[in-house]
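Student: Sharing a model that was predicted from the sequence below.
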Amino acid sequence: MAKKEETPLGFEAALKRLEAIVEEMEAGETDLDTMIASFEEGQKLVKFCAAKLNEVERKIEKIVKDGSGGVTVEPLQLTAD
């Protein structure tokens, strides 16, 4: 089995590969060794994507009007619903 790329080119490429892995695993047509390798690759991709999302989240800012009508910039506070 060829070694998979260690570092994805970017978030979109990593997400696309992760989706492909899920489809392959859901099809149930791969042998156990391949499924384990795919699972391990998927775990790395999930970690990579989560790190990228966290990095982007820290960079996102929101513009807020203050009480006097001025505009301030604050870090965006995301909440889980």
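Tutor: Great, that's in hand. All figures in this text were calculated on a predicted structure; none of them were measured in a lab.

Student: how far is the helix or strand containing N54 from where the chain is centred?
Tutor: Assigned by DSSP states H and E, N54 belongs to helix 32-59. Averaging C-alpha positions (C-alpha atoms, centre = their mean, to the nearest Å) puts helix 32-59 7 Å from its chain's average.

Student: Ok, stretch 31-48 next?
Tutor: For stretch 31-48 - counting by C-alpha atoms, centre = their mean - the centre lies 15 Å from the chain centre.

Student: for the chain, what helix or strand is lowest in average pLDDT?
Tutor: strand 61-65 (a mean of 66; mean pLDDT, DSSP states H and E).

Student: V73 - that's part of a strand, no?
Tutor: Yes - the assignment for V73 by DSSP: H, G, I helix; E, B strand; the rest coil puts it in a strand.

Student: which residues of this protein score low on pLDDT?
Tutor: Applying pLDDT under 70 to the chain picks out residues 1-8, 61-65, 76-81.

Student: where's the closest residue to L53 other than its chain neighbours relative to V56, distance?
Tutor: Once flanking residues are discounted, L53 sits nearest to F11: 7.7 Å by C-beta to C-beta, 6 or more residues apart in numbering. All C-beta atoms are positioned from the backbone trio N, CA, C, and that covers glycine. Distance, F11 to V56, using C-beta to C-beta, to the nearest Å: 8 Å.

Student: between these two, which one's more packed in?
Tutor: Comparing F11 with V56 by other C-beta atoms under 10 Å, the one with more neighbours is F11, at 15 against 10.

Student: My guess is that one contacts C49. True?
Tutor: Yes - the pair F11 and C49 passes the contact test of C-beta atoms under 8 Å, sitting 6.1 Å apart.

Student: which one in the chain is furthest away from the centre?
Tutor: In the chain, counting by C-alpha atoms, centre = their mean, S68 sits farthest out from the average C-alpha position, at 39.1 Å.
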